[in-house]
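*Asks:* attaching a predicted model along with its sequence, questions to come.
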Amino acid sequence: MTVLTEIADAVIQGDGARVAEATRRGIAEGTAPKRILDEGLIAGMTVIGDRFRVHEIFLPDVLLAAKAMYAGMDTLKPLLVRDGIPSIGKVVIGSVRGDLHDIGKNLVGIMLKGAGFEVIDLGHDVAPERMVRTAVEQGASVIGMSALLTTTMPAMREVVQLLRAQGQGGTIRTIVGGAPVTAAFAREIGADAYGFDAGNAVDVVKDLVRRR
Amino acid sequence: MPCPTSGSRRDGASDLVILEFTPADVAPARTDVLAQLGIPEAADVSPRIERLYEAAAELFTERVAPAGVLEEISVAEFADVYPGEGRNEPRSPVAEIFSRAEHLALFAVTLGEGISQALQRCFVAEDLALAYTLDALASVAADGAAELAERRFDGVLHEQGWSTPDGAVLRYSPGYCGWDVTGQRKLFTFLRPGRIGLSLTESCLMQPLKSVSGVIIAGTRTIHRFPPTYDFCDRCETRTCRDRLATLFRREHA
């Protein structure tokens, strides 16, 4: 087993200590940080994502794997920054204004990080203006919005409209999700995409970033 | 149906009932929590998820401090509470149901601040799996506490001699089914659930987070039946109203 497959395997097993140890060993052996990221950490999370998608494993397994992955990222991140290696994209996420429920949004954030995105999590009850301002200032390519209440869903439309008003509609893409949110609602408010669960959201965001 | 809460007491001569729960009263069934986690009943649960569940259940028992409050309200009084700040949907089930009610009560239940703090600590520590499991456990428990409030109101009505062969009680909450979340302000003004440590944020959401409030409506069960054809139903994917109604029409009235 190479150090990269060992890292991937440890991520799959949710074994954070082994991920951290193997990542340090890989660096010491001179493996490029970008390879450790892509062929070790992200490769492991990709397997987890695939198994989750076909219901072989469940969300807590994904979260245990994500935590293990973070153990490697803690070591790797300074080296990636040093080498000027960009993330595959920057995503601003938040539960919309009036909505305090953020577990679903947190899951999306975890899965996005696992896929190699840089995630700026604004938390819950986020005003449309703050979402747009942060995305513009940070140079994000996607805004992800979550709502659990039907009564807070209209705030998603405000974000889309605000982006367009600022001429950012074609630059910063939007994805919406949450228990009461539907693909039809996403189309109705002019959002670029809809994610029906955390795993799907990652695929959709990847697609949005590719199409930019 | 007997009241399953550990206890309750009336506040003086008023219609206010303080609900007293123990952690055991609100501890949810394992299968319900696993379902909330997206794990089907028939699935093999891995040892690591079992360990996670046990850790979350232990944390829950340590930190939960459940409490509730229930207060009867007349149809006329609720007609003043329900419109909130004028942001409800033009048509909603609650608006059409409550005027046909025989009895109404406002309620609020909470699992307490300890659970919210524990969740926050798990997230900060990036112990996401434990946070998610505890969150699922607490969400099911909060609904369970609301269910206990509903049953308690049923019990109170029966103590008062309310007996309708086809009677049923069902709860509705701001933030759902066309009742705008800003309706919480008037509900809180009437109910004053600060007595059990509950407050509202500027966005009208409850603190502690794992809390449920709303109105419990008692009447013939047919008043609760409504078709999912309101404008906002098109935007809703949960359709939990269907499950609740199905349960109501299956449930034997005490």
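*Replies:* Okay, I see it.
*Asks:* work out for me the element the residue of chain A found nearest chain B sits within.
*Replies:* Proximity to chain B, evaluated over chain A using Cβ to the nearest Cβ, is greatest for residue A:63 at 3.7 Å. All C-beta atoms are positioned from the backbone trio N, CA, C, and that covers glycine. For residue A:63, the host element (DSSP states H and E) is helix A:59-82.
*Asks:* so which elements touch that helix?
*Replies:* helix A:3-13, helix A:16-28, helix A:33-35, helix A:43-53, helix A:103-114, helix B:47-63, helix B:128-159 (3 or more Cβ pairs under 8 Å, 6 or more residues apart in numbering or on different chains; DSSP states H and E).
*Asks:* can you give me the angle that helix makes with helix A:43-53?
*Replies:* 150 degrees (axes from the mean of the first three to the mean of the last three Cα atoms, to 10 degrees).
*Asks:* which parts of helix A:59-82 are buried?
*Replies:* A:59-73, A:75-76, A:79-80 (16 or more other Cβ atoms under 10 Å in any protein chain shown).
*Asks:* contact partners for the residue in the stretch 51-200 of chain B that chain A sits nearest to?
*Replies:* Among the residues of the stretch 51-200 of chain B, residue B:129 lies closest to chain A, at 3.7 Å counting by Cβ to the nearest Cβ. Listed by Cβ atoms under 8 Å, 6 or more residues apart in numbering or on different chains, the contact set of residue B:129 reads A:60, A:63, A:64, A:67, B:52.
*Asks:* now tabulate those residues in JSON lines and tack on distance to residue A:18 and pLDDT.
*Replies:* JSON lines is the format used below for those (distance: Cβ to Cβ, whole Å; pLDDT from 0 to 100):
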{"residue": "A:60", "distance to residue A:18": "19", "pLDDT": "89"}
{"residue": "A:63", "distance to residue A:18": "17", "pLDDT": "86"}
{"residue": "A:64", "distance to residue A:18": "13", "pLDDT": "90"}
{"residue": "A:67", "distance to residue A:18": "13", "pLDDT": "86"}
{"residue": "B:52", "distance to residue A:18": "18", "pLDDT": "93"}
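*Asks:* before we move on, back to that, lowest average pLDDT across the helices and strands packed on helix A:59-82?
*Replies:* Sorting these by mean pLDDT places helix A:103-114 lowest, at a mean of 83.
*Asks:* and whichever helix or strand comes after that helix, which strands flank it?
*Replies:* Remark: after helix A:103-114, the chain's next helix or strand is strand A:118-121, criterion DSSP H and E. Paired neighbours of strand A:118-121 in the sheet (DSSP bridges): strand A:90-95 (parallel).
*Asks:* wait, doesn't residue A:209 sit right on residue A:89?
*Replies:* Yes. Here residue A:209 reaches residue A:89: they are 4.2 Å apart, a contact under Cβ atoms under 8 Å.
*Asks:* please, which helix or strand holds residue A:174?
*Replies:* Short version, using DSSP H and E: residue A:174 is in strand A:173-177.
*Asks:* tell me which strands and helices that strand is in contact with?
*Replies:* By 3+ Cβ pairs under 8 Å, 6+ apart, strand A:173-177 packs against strand A:142-146, helix A:154-165, helix A:183-189, strand A:193-194, helix A:198-210.
*Asks:* now it against helix A:154-165, angle please.
*Replies:* Using the same axes, to 10 degrees: strand A:173-177 against helix A:154-165 is 180 degrees.
*Asks:* residue contacts, the spatially most central residue of chain B?
*Replies:* For chain B, the residue nearest the mean C-alpha position is residue B:146 (3.3 Å; Cα atoms, centre = their mean). Shown in contact with residue B:146 (Cβ under 8 Å, 6+ apart): B:107, B:109, B:171, B:173, B:212, B:214.
*Asks:* and it, how far from residue A:126?
*Replies:* Distance of residue B:146 to residue A:126, given as Cβ to Cβ, to the nearest Å: 27 Å.
*Asks:* for residue B:41, same thing?
*Replies:* Taking Cβ to Cβ, one finds residue B:41 at 36 Å from residue A:126.
*Asks:* and what of residue A:37?
*Replies:* From residue A:37 to residue A:126 the distance is 29 Å (Cβ to Cβ).
*Asks:* residue A:192 now?
*Replies:* Taking Cβ to Cβ, one finds residue A:192 at 18 Å from residue A:126.
*Asks:* so where's chain A shaky on pLDDT?
*Replies:* Counting by pLDDT under 70, the ranges of chain A that qualify are A:212.
*Asks:* how does it divide into domains?
*Replies:* A:3-82, A:90-210 (automatic domain parsing).
*Asks:* ok, which of these comes nearest residue B:222?
*Replies:* Set against residue B:222 and scored by Cβ to Cβ, those come closest in domain A:90-210, at 24.8 Å.
*Asks:* can you pull the contacts of residue A:164?
*Replies:* Per Cβ under 8 Å, 6+ apart, neighbours of residue A:164: residue A:190.
*Asks:* do that again at 10 Å, thanks
*Replies:* Shown in contact with residue A:164 (Cβ atoms under 10 Å, 6 or more residues apart in numbering or on different chains): A:170, A:190.
*Asks:* and the residue nearest to residue A:150 when sequence neighbours are not counted, which of the three is it?
*Replies:* Nearest residue to residue A:150, sequence neighbours excluded (Cβ to Cβ, 6 or more residues apart in numbering or on different chains): residue A:180, at 4.8 Å. Following DSSP: H, G, I helix; E, B strand; the rest coil, we place residue A:180 in the coil state.
*Asks:* which residues does residue A:180 contact?
*Replies:* Per Cβ under 10 Å, 6+ apart, neighbours of residue A:180: A:147-153, B:176, B:232-233, B:235-240.
*Asks:* quick one, which of the residues you listed are buried?
*Replies:* Applying 16+ other Cβ under 10 Å to the contacts of residue A:180 flags A:147, A:148, A:149, A:150, A:151, A:152, A:153, B:176, B:232, B:233, B:235, B:236 as buried.
*Asks:* quick check, nearest of those residues to residue B:30?
*Replies:* Ranked by distance to residue B:30 (Cβ to Cβ), those are led by residue A:148 at 23.9 Å.
*Asks:* what's the nearest residue to that closest one if we skip its chain neighbours?
*Replies:* Distances taken as Cβ to Cβ, 6+ apart put residue A:101 closest to residue A:148, at 3.8 Å, once the chain neighbours are dropped.
*Asks:* which SSE is that neighbour in?
*Replies:* Applying DSSP H and E as the criterion places residue A:101 outside every helix and strand.
*Asks:* burial count for residue 93?
*Replies:* Chain wasn't specified; assuming chain A. By other Cβ atoms under 10 Å in any protein chain shown, 28 other residues sit near residue A:93.
*Asks:* switch to chain B, that's the one I care about
*Replies:* Residue B:93 has 23 neighbours, counted by other Cβ under 10 Å.
*Asks:* that one reaches residue B:173, doesn't it?
*Replies:* No. Using Cβ atoms under 10 Å, residue B:93 makes no contact with residue B:173, being 12.0 Å away.
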